[in-house]
Structures are given as C-alpha cells and as structure tokens.
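Q: Quick check, what structure comes out for this input:
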Amino acid sequence: MLILPYDNYTGVLTMDFKQLETFVAVVKFKSFSKAAENLFITQPTVSNHILNLEKQLNTILINRTNKSITLTKAGILFYKYAVEILNKRDNALFSLDQFKGKIEGILEISSSTIPEQYFLPKLLMKFNKIYPQVKYNLNKYDTSQVINSILSGRIDFGIVGAKKISKQLEYIEIMDDHIILVAPNKNTYFKGNSITIEQLAECPIILREEGSGTRNIVEDFLNAHNFSIDNLKVVAYIENTETIKECVKNGLGATFISYKAVSSDIKNNYMKNITIKGLEFKRQFYFVYHKNRALSPLSETFKRFILENKYNKDKCDSF
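A: A predicted model of the protein is given here:
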C-alpha cells in the first residue's frame, strides 16, 4: 500500500520537489551516479533523497539487490505520479513565464534519421524565431529506440517514420514521405528505370539496420506482395544515411531510401530512381508521445507548434 506523506499539523500533503526530481532522474538514467551528474549534486545526496522519499512514503521504490536499477511495484506506480507532479509544477512556472513574456529551457528532441536531417532544421529555425531563449538537445535514434525510450520514461516525445502498436502511445501525423529504390546512375544491375518485384532478387542491395523505420516499411510492403526480404541479395547493413548514399554512388549496390534524402543526387545524375512495377512505398512521419503521461510545458508548446506548422498537402512544400 502506498501512503503519501501529510503534514501532521495542517493535514496537507507535503512533497519535496528535489526528492521527486532525484527519483525521476534515477529512473530515467538507471543510475545513481548519472542522476547525480545530471542534477549537479553528489551521489550521496542522491541516495539520501531517495532514502528520505521512501521513508516519507513508507514504502520501497527502488530495488537495490541488482546491479541495474529496477523499480518495485510501488516505484512503478509512484513514478507516473512523480512525473505528473513535476510537470504540473513546470506548467505553472511556464505559464507565469509566458505571462511575463519569458520562455526558455532545453528542449530534448529524439528523432529518427530522416526527420532529424531533412525535417527538423527548418522547423527549429522557425521555432527559434518565436522562442529565442530555448536551447536544443537533438538526439538521433532509430524508430525502435525512440519508441522504447518513450515507453520507459526516458524521453517525453519523439519523431518517427513508423508505428509500433501500443495502447500507451499516441501518434500524430505530421508529414508525408516516399521511399524509393535508387541505384548508381551508371549501373549494371538494371537495364531500364523500371523493374518487376522479382527482379529485385538479382540486384545487390544495401539495407538500413534493424529497427530503422525505413527498413520496417520496406519489409512490410514487400511481405504484402509475397516477397520476403530474405530473397534480397544484401551486401551491407548500414546505419548512416549519408554513408549509404556514398556507397550507392560508388557502385556498391542499390538501396531503399527516402526521396527527401536523395532528391538533389537524382537531379545531379549521381543516382537514379528505379520504379518497381505495381509497388509504391508511402509513409507518414509521426509525433509520438505517451498518452498517459503529461508532456513537459516546453514539449507541449513544441507539439502545438508542430501541429500548427505541419506539412500541408495543398502546399508545394513544408515550412
């Protein structure tokens, strides 16, 4: 049973924000030392905050028997409320700052490759003109890493190119994308600019790593057309988009990639688009967050900004 602390004199619930911040940081970083570093306090102070919080709550929040940090059932339950309490405090302070015309802080943005390289730069430039005091911490992860980090509570939100079905997640469409097959402009794999799906098996292919949204989309589309990714002649698995592009240009193989990443290369005749008869790869990019966890006020402001400025199909371009 989880018992929340009350002031014996006033009967009002009492809570130390520093203790809550420490608890959330320990859960987020899965480490007392990393939490201490992030909060600019000593590790013994972190331990004392957690110990005092557990005494106040009359329950154990964190298992200390394992090398890795794990939560007890009470810890799992309390973590959700700790985040909510801190976010409500931040929202109150944020509203006061808005009233005073002052909005600042560090906005942590976790994104998969294509949004990080071709979507966010223009967006952040526009956001920065409105909120010049905000600073940014931009992290590039693959889609699976972004989603797992949201589910674990390490980050507030992310921008991804594929969905992982979960009752805990909310996805908002923000931008269209096309994935195309590209090959070196002068290649011996394909005679023309159009092939059948069966001819894919004859070509050396470069694929993104497992967990990549691009790779997930390609696998799903091929499977829907009774073509397994195992039938491909894969010559390399590469994480970095720019490295993949250079490998294609130098003749290592063809690849499936976002049109946004190679449009200029196609125009400059460094590579060419190969259409697959009867097959078109379309996808959406999503703003994803935990539906049962309130966003921090700065993250909520950024979400509203994205929704107000998201890609409009009736316009020629975005942002």
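Q: For this structure, which segments count as helices?
A: Remark: helices assigned in the chain by DSSP state H are 17-29, 32-39, 43-57, 73-99, 113-118, 120-130, 143-152, 213-224, 241-249, 259-267, 297-309.
Q: Make a markdown table from those helices and add distance to residue 163, mean neighbour count and mean pLDDT to it.
A: In this view, the C-beta of every residue, glycine as well, is placed from N, C-alpha and C. As requested, the helices of the chain are exported to a markdown table (distance: least, C-beta to C-beta, whole Å; neighbours: other C-beta atoms under 10 Å; pLDDT from 0 to 100):
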| stretch | distance to residue 163 | mean neighbour count | mean pLDDT |
| --- | --- | --- | --- |
| helix 17-29 | 24 | 20 | 90 |
| helix 32-39 | 30 | 18 | 90 |
| helix 43-57 | 36 | 17 | 90 |
| helix 73-99 | 23 | 15 | 79 |
| helix 113-118 | 14 | 22 | 85 |
| helix 120-130 | 19 | 14 | 90 |
| helix 143-152 | 9 | 20 | 87 |
| helix 213-224 | 9 | 19 | 88 |
| helix 241-249 | 21 | 18 | 93 |
| helix 259-267 | 19 | 15 | 92 |
| helix 297-309 | 17 | 17 | 85 |
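Q: how about these, which one is nearest residue 233?
A: helix 213-224 (13.7 Å; C-beta to C-beta).
Q: Run the angle between that closest one and helix 143-152 for me.
A: Orientation note: helix 213-224 sits at an angle of 110 degrees relative to helix 143-152 (axes from the mean of the first three to the mean of the last three C-alpha atoms, to 10 degrees).
Q: what about helix 213-224, distance to the chain center?
A: 19 Å (C-alpha atoms, centre = their mean, to the nearest Å).
Q: Packing partners of it?
A: helix 113-118, strand 169-184, strand 254-258, strand 281-290 (3 or more C-beta pairs under 8 Å, 6 or more residues apart in numbering; DSSP states H and E).
Q: how about the helices of the chain in JSON lines, adding distance to residue 278?
A: Output for the helices of the chain, formatted as JSON lines (distance: least, C-beta to C-beta, whole Å):
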{"stretch": "helix 17-29", "distance to residue 278": "47"}
{"stretch": "helix 32-39", "distance to residue 278": "51"}
{"stretch": "helix 43-57", "distance to residue 278": "59"}
{"stretch": "helix 73-99", "distance to residue 278": "47"}
{"stretch": "helix 113-118", "distance to residue 278": "25"}
{"stretch": "helix 120-130", "distance to residue 278": "34"}
{"stretch": "helix 143-152", "distance to residue 278": "26"}
{"stretch": "helix 213-224", "distance to residue 278": "11"}
{"stretch": "helix 241-249", "distance to residue 278": "23"}
{"stretch": "helix 259-267", "distance to residue 278": "19"}
{"stretch": "helix 297-309", "distance to residue 278": "34"}
